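*Asks:* Next one to model:
(one chain, ligands or ions: 2)
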Amino acid sequence: MNEATLLLSKKSEKTFMSSAAQDKAQANQIAPELSNDKLIDMLKSMMQIRRFEERTMQSYMQQKIGGFCHIYIGQEAVAVGSISALKSDDPIVGAYRDHGFALARGMDPKYAMAEMFGKVTGCSKGKGGSMHFFDKEHHMYGGHAIVGGQCPLGTGLAFASQYEKKDNVTLCYLGDGAVNQGAFHEAMNLAAIWNLPIIFVLENNSYSMGTHINRGTAMANDLRAKAEAYGMRYAECDGLDVLDVYTTFKREVDKTRNAKNPQWERGMIPSYKREGEANGPCFMNVKTYRYKGHSMSDPQKYRAKEEVEAKQELDPINRLVNLLIEKNISTQDQIDEFDKAAKAEAQAAVKYANESPDMPQEELFTDIYVNPYGPYKKGELPEMLKGKDLGE
Ligand SMILES: Cc1ncc(C[n+]2csc(CCOP(=O)(O)OP(=O)(O)O)c2C)c(N)n1
Ligand SMILES: [Mg+2]
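*Replies:* Numbers count the residues shown, from 1 in each chain. Ligands and ions are numbered 1, 2, ... in the order given. Coordinates of the predicted model:
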């Protein structure tokens with residue numbers, strides 16, 4: 001396992017101690033709500049993901065895990081910084097590179113690992129595998145393998161919370177490849193005309209499989225255009241810096257939480273005159289990088305080793321470690337302990353997955369059709385809305 005990516009190297013320490021250290025110190029000050037405990041939690045969460053992913057790679061090589069498997073190493077700050085800015089019942093949904101945001105959201109690594117091992121104890125009973133994590137309890141609505149397929153679902157989650165007059169914000173994660181999908185544009189359009197409480201979180205790691213964003217995406221140099229096409233708020237942050245991710249998300253999540261549908265508030269108005277967009281949906285471009293291949297079977301011929309190494313110098317975990325030590329928030333010894341705990345937890349997850357029973361064959365015929373809200377009859381309210389105050 002590549003210990004070097006996580007543990008402090010003298011070289012990265014030197015890089016960090018320059019002006020970057022001052023910038024980060026300021027970032028901490030502009031987020032006074034970030035207590036020392038919360039900073040440490042964010043570090044632990046990123047370490048948990050990194051060590052989990054290393055074990056995932058190892059288990060894949062040992063053929064314990066089958067099918068497609070996409071590693072999140074390098075992108076940890078995106079999931080951790082953004083989810084730290086949410087309420088615990090704010091829904092999240094994303095694509096197949098889902099281990100990071102599932103763990104950051106609170107999924108037990110045991111159930112995540114068991115899912116990939118195809119075991120019945122997995123978060124999706126072993127039926128979904130790496131790409132289809134799901135955790136209703138933690139409001140994590142998948143894990144979706146169809147590029148862009150999660151965008152309409154995220155829009156639906158945001159629509160539901162607005163319709164039910166809840167004050168939730170949905171985070172819909174997508175890769176840079178997804179911005180060229182029709183589903184993404186349909187979802188952006190609906191989110192804009194209904195002013196839905198959703199943030200489309202572009203995890204912009206510059207590559208869709210082996211295609212660089214500049215080769216595959218119009219206006220790649222100015223992705224603000226994608227938001228402007230829908231009159232939607234645009235923001236961006238440094239996805240290799242968890243504090244920048246957190247502070248940017250905190251600001252945008254707070255604005256988005258107030259999203260109201262002007263058509264419902266004041267009767268129909270033309271959508272092109274949509275008001276209140278400062279408090280509406282947002283398209284967030286998070287510049288990040290994946291240190292590993294697209295999936296476990298990627299020879300990575302499309303990028304230079306030097307490019308990956310240069311990005312590893314900016315490793316989000318090392319950067320936070322440096323800050324915590326520099327600010328006397330934590331010591332190297334404590335950090336080593338956190339890391340030891342993260343490694344032990346990942347190892348325990350593998351043990352649990354190994355020892356769990358396989359999915360019984362009968363399970364193949366369950367969870368196919370779901371109708372928990374009862375039959376809908378024309379003219380009647382659906383079960384889910386009966387007895388609810390709809391404000392009429
Ligand atoms: C509709 C659809 N087309 C093609 C694919 C094949 N495919 C799987 S991943 C991928 C690249 C997506 O890249 P990106 O959205 O940037 O996400 P990342 O892998 O970088 O996280 C493609 C084309 C797919 N899964 N779904
Ligand atoms: Mg990508």
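
*Asks:* And the closest residue to ligand 1 within the chain, what's its pLDDT?
*Replies:* Distances between the chain and ligand 1 by Cβ to the nearest ligand atom are smallest at Gly175, namely 2.2 Å. Every residue, glycine included, has its C-beta placed from N, CA and C. pLDDT, Gly175: 98.

*Asks:* same check, this time on Asn195
*Replies:* 89.

*Asks:* Surely it touches Ala278?
*Replies:* No: with contact defined as Cβ atoms under 8 Å, Asn195 does not count as touching Ala278 (10.6 Å).

*Asks:* Which one's more surrounded, the two?
*Replies:* A side-by-side neighbour count of Asn195 and Ala278, using other Cβ atoms under 10 Å, places Asn195 first with 28 against 11.

*Asks:* Which residue, other than its chain neighbours, is closest to that one?
*Replies:* Leaving out its chain neighbours, the residue that sits closest to Asn195 by Cβ to Cβ, 6 or more residues apart in numbering is Gly280, at 4.3 Å.

*Asks:* ok, the one you found - contacts?
*Replies:* Contacts for Gly280 were tallied using Cβ atoms under 8 Å, 6 or more residues apart in numbering; they are Ala192, Asn195, Leu196, Met232, Arg233, Thr256, Ala259, Arg274.

*Asks:* let's see it at 10 Å
*Replies:* With contact set as Cβ atoms under 10 Å, 6 or more residues apart in numbering, Gly280 has these partners: 191-192, 194-198, 230-233, 255-256, 258-262, 274.

*Asks:* swap in Ile213?
*Replies:* Per Cβ under 10 Å, 6+ apart, neighbours of Ile213: Gly175, Asp176, Gly177, Val179, Asn180, Asn204, Asn205, Ser206, Tyr207, Ala220, Asn221, Leu223.

*Asks:* can you list the weak-confidence ranges in the stretch 1-150 of the chain?
*Replies:* Counting by pLDDT under 70, the ranges of the stretch 1-150 of the chain that qualify are 1-31.

*Asks:* who in it is up against ligand 1?
*Replies:* When proximity is defined by Cβ under 6 Å from any ligand atom, the stretch 1-150 of the chain lies next to ligand 1 at Arg97, Ala145, Ile146, Val147.

*Asks:* Out of those residues, which end up buried?
*Replies:* The neighbour-count test (16 or more other Cβ atoms under 10 Å) marks Arg97, Ala145, Val147 as buried among these.

*Asks:* Identify, from those residues, the entry nearest to ligand 2.
*Replies:* Arg97 (8.3 Å; Cβ to the ion).

*Asks:* my guess is Gly129 contacts His99, does it?
*Replies:* No: the pair Gly129 / His99 is not scored as a contact, 11.2 Å apart, by Cβ atoms under 10 Å.

*Asks:* More neighbours: which of those two?
*Replies:* Set side by side, Gly129 and His99 show more neighbours around His99, with 28 against 21, by other Cβ under 10 Å.

*Asks:* Now that one. Nearest residue, chain neighbours left out?
*Replies:* For His99, the spatially nearest residue (Cβ to Cβ, 6+ apart) is Tyr72, at 5.3 Å.

*Asks:* Can you turn the buried subset of the contacts of Gly280 into a selection I can paste into ChimeraX?
*Replies:* Burial among these is assessed by 16+ other Cβ under 10 Å; the matching ChimeraX selection reads:
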select :191,192,194,195,196,197,198,230,231,232,233,255,256,259,260,261,262,274
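
*Asks:* So which of the contacts of Gly280 belong to helices?
*Replies:* The members of the contacts of Gly280 that map onto helices under DSSP state H are Ala191, Ala192, Lys255, Thr256, Pro262.

*Asks:* Ile368: which of those is nearest?
*Replies:* Of all the ones in helices among the contacts of Gly280, Ala191 has the smallest distance to Ile368: 29.7 Å, by Cβ to Cβ.

*Asks:* Leaving aside the residues adjacent along the chain, what's closest to that closest one?
*Replies:* Among residues not flanking Ala191 along the chain, Pro281 sits closest, at 4.4 Å (Cβ to Cβ, 6+ apart).

*Asks:* my guess is the one you found contacts Leu196, does it?
*Replies:* Yes: taking contacts as Cβ under 10 Å, Pro281 lies within contact range of Leu196: 5.4 Å.
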